[in-house]
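**Q** this one's sequence-less:
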């Protein structure tokens, strides 16, 4: 099979697309013939060695979310059969075949396109997890930094569906998009506190009830001021979180995917929630896709189509 791999830490130039052994599935595992694989910010950081760890001793796969067709199932797998269309979390998703734990997959609704299915899992899980950690309730006000990005957009829409008012930071060019998600857009940068307060002029106490930082643009001090403390401020992107007393969530933390899929998939399928696709690439252009993700220029989720 064809797969994108890297054998040393570095930028997109260390990625090679070529023949690799097809993974062997074991008990409780599912082999997926990949139709779409999401490109995530964590991917280029892992390839670049920014998360630490030892460099690869041999070529290592990339990517951890896919959509595709079940090619084989291991013993003990129930509810999935060869030929089923699925989406979820998988190892080495930048490839023609990827291996997944059965519990990390869900049936793909027919109404969801392959690119959306391939790029949905990580954004949906992260948004769902953050909203639960923040404990947002109907009638509350949530500030989302990076509301036009994949995680921010899903969080904005999911919170709105739950009856939460959302204020979303984004660049000027994405304000119309943020409005289309049901949020009030504001710009980043100096004066953020005043701009956010201007959207809720009659509110007493803290300006917002909770803050989700999905952008990592240095807005934590303003976020703490707006929320009246650190208790309900969370970030997935700012490495200075600890210095500000703010919780950073990521890495091995995860919501139960079955719970995420149970809420999000019907909303995506019926058009209540949307995942904007910023571009698709063939597997042969995996390096270019990773470079585009690292650049931050994409307006939406990037997806590989093996």
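**A** Cool, the structure landed. All figures in this text were calculated on a predicted structure; none of them were measured in a lab.
**Q** Could I get the contacting residues of the closest residue to residue 72 other than its chain neighbours?
**A** Nearest non-adjacent residue to residue 72, counting by CB to CB, 6 or more residues apart in numbering: residue 31, 4.1 Å away. C-betas here are computed from N, CA, C, even on glycine. Neighbour list for residue 31: 22, 23, 25, 70, 71, 72, 73, 97, 98, 99 [criterion: CB atoms under 8 Å, 6 or more residues apart in numbering].
**Q** would you say residue 31 is within a strand?
**A** Yes - the assignment for residue 31 is a strand, going by DSSP: H, G, I helix; E, B strand; the rest coil.
**Q** Show me the beta-bridge partners of it.
**A** Residue 31 has these beta-bridge partners by DSSP bridges: residue 72, residue 99.
**Q** change the start of the numbering to 7 and stick with it
**A** Fine by me, first position is 7 from now on; the one you just mentioned is residue 37.
**Q** Let me know the closest of the contacts of residue 37 to residue 249.
**A** Nearest to residue 249 among those: residue 104, at 37.3 Å, using CB to CB.
**Q** ok, now how distant is the closest one from residue 299?
**A** Distance, residue 104 to residue 299, by CB to CB, to the nearest Å: 18 Å.
**Q** More neighbours: these two, which one.
**A** residue 104 (29 against 23; other CB atoms under 10 Å).
**Q** From residue 312, how far off is the residue nearest to residue 78?
**A** Taking CB to CB, one finds residue 37 at 14 Å from residue 312.
**Q** same check, this time on residue 157
**A** Residue 157 sits 24 Å away from residue 312, going by CB to CB.
**Q** same thing with residue 269?
**A** For residue 269 relative to residue 312 (CB to CB), the value is 28 Å.
**Q** what about those two, which has more around it?
**A** residue 312 (26 against 14).
**Q** So the more buried one is in contact with residue 291, correct?
**A** No - look at residue 312 against residue 291 with CB atoms under 8 Å: they stay out of range, at 11.0 Å.
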